[in-house]
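A.B. asks: pasting the structure only:
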Ligand SMILES: Nc1ncnc2c1ncn2[C@@H]1O[C@H](COP(=O)(O)OP(=O)(O)OP(=O)(O)O)[C@@H](O)[C@H]1O
Ligand SMILES: Nc1ccn([C@H]2C[C@H](O)[C@@H](COP(=O)(O)O)O2)c(=O)n1
């Protein structure tokens, strides 16, 4: 059972994927965390993230390891816990440039396919190009969407007290990142033709989780 969950930022991919994987006894992989991890490594090693050739040259250097337990997902870079540093606004602002570099994508797609192949009980993999490129033969593909307004409100609430921005700034930053992720040449953010689209704007997180669990169970019955 391989479940691919894609969609723009703030649509609920991580929260939904973790919960669905935990409920169904599947592994979990957050591919966005891997793009953030390689971006953090570039920033901490003084590589100009807007120099695509420099990023491409360095793409093979960091060792990125993702833990796939949905109850406690982990990510390390060169054996250092990167789970905190990859969530800073500095990394968020730089990640689209790094993830547009084909050498970076080739490196991470290989890790992602290996993780899926090794997950014997099945896996939920979330990202932007999982259904279209990474795992085109996934058992079930979901494309989550939500209005810009709903996504910005969710992200603003999440960042409250941390690196808080106001609603308008958060909305603008999300729209900019989504435009970059959708507009890049190599495997852009896109819905696979055979993905089920779920608009989460008016749904609670529990409703989205239930909806995806039901879709997985329907697939299991048919298989
Ligand atoms: N249906 C929902 N209703 C209300 N809040 C939600 C819903 N889904 C997710 N959230 C909240 O919205 C925030 C963003 O969710 P999440 O991180 O899962 O989105 P994402 O699609 O993985 O985002 P990104 O791609 O930017 O990492 C979280 O605080 C989460 O709890
Ligand atoms: N499969 C993926 C996953 C993520 N990215 C890039 C684009 C996102 O802006 C960034 C961070 O992802 P998030 O943590 O917000 O889910 O990583 C990608 O290009 N492909």
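C.D. replies: Thanks, I have the structure now. On a predicted model such as this, the values are computed, not experimentally measured, just so you know. Ligands and ions are numbered 1, 2, ... in the order given.
A.B. asks: CA atoms for contacts and neighbours, from now on please.
C.D. replies: Noted.
A.B. asks: For this protein, what lies in contact range of ligand 2?
C.D. replies: 9, 31-33, 35-36, 95-96, 99, 127-130, 177, 181 (C-alpha under 6 Å from any ligand atom).
A.B. asks: Could you list which of those residues also contact ligand 1?
C.D. replies: Near ligand 1, by the rule C-alpha under 6 Å from any ligand atom, you find residue 9 out of those.
A.B. asks: out of the residues of the chain next to ligand 2, who's nearest residue 156?
C.D. replies: Of all the residues of the chain next to ligand 2, residue 156 sits closest to residue 9, with 12.5 Å by C-alpha to C-alpha.
A.B. asks: and the spatially closest residue to residue 81 that is not a sequence neighbour, backbone torsions?
C.D. replies: Counting by C-alpha to C-alpha, 6 or more residues apart in numbering, residue 81 lies nearest to residue 75, which is 6.1 Å off, once chain neighbours are set aside. Backbone torsions of residue 75, given as degrees, to the nearest 10, read phi -150, psi 130.
A.B. asks: how about residue 56, what does it touch?
C.D. replies: Residues near residue 56 by C-alpha atoms under 8 Å, 6 or more residues apart in numbering: 101-104.
A.B. asks: brain fart, residue 7
C.D. replies: 13, 127-128, 143-145, 189-191.
A.B. asks: Now intersect the residues you listed with the strands, please.
C.D. replies: Among the contacts of residue 7, DSSP state E puts 127, 143-145 in strands.
A.B. asks: just the strands in the protein please.
C.D. replies: All strands of the chain, identified by DSSP E, fall at 2-6, 27-30, 64-67, 74-77, 80-81, 123-127, 140-145, 196-199.
A.B. asks: With mean neighbour count added, can I get the ones you listed in TSV?
C.D. replies: Shown next, in TSV, are the strands of the chain (neighbours: other C-alpha atoms under 10 Å):
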stretch	mean neighbour count
strand 2-6	28
strand 27-30	27
strand 64-67	18
strand 74-77	18
strand 80-81	12
strand 123-127	28
strand 140-145	24
strand 196-199	16
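A.B. asks: could these go into CSV alongside mean pLDDT?
C.D. replies: Putting the strands of the chain into CSV (pLDDT from 0 to 100) gives the following:
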stretch, mean pLDDT
strand 2-6, 98
strand 27-30, 98
strand 64-67, 98
strand 74-77, 98
strand 80-81, 98
strand 123-127, 98
strand 140-145, 98
strand 196-199, 98
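A.B. asks: and which of the contacts of residue 56 is nearest residue 62?
C.D. replies: Using C-alpha to C-alpha, the contacts of residue 56 come closest to residue 62 at residue 104, 10.8 Å.
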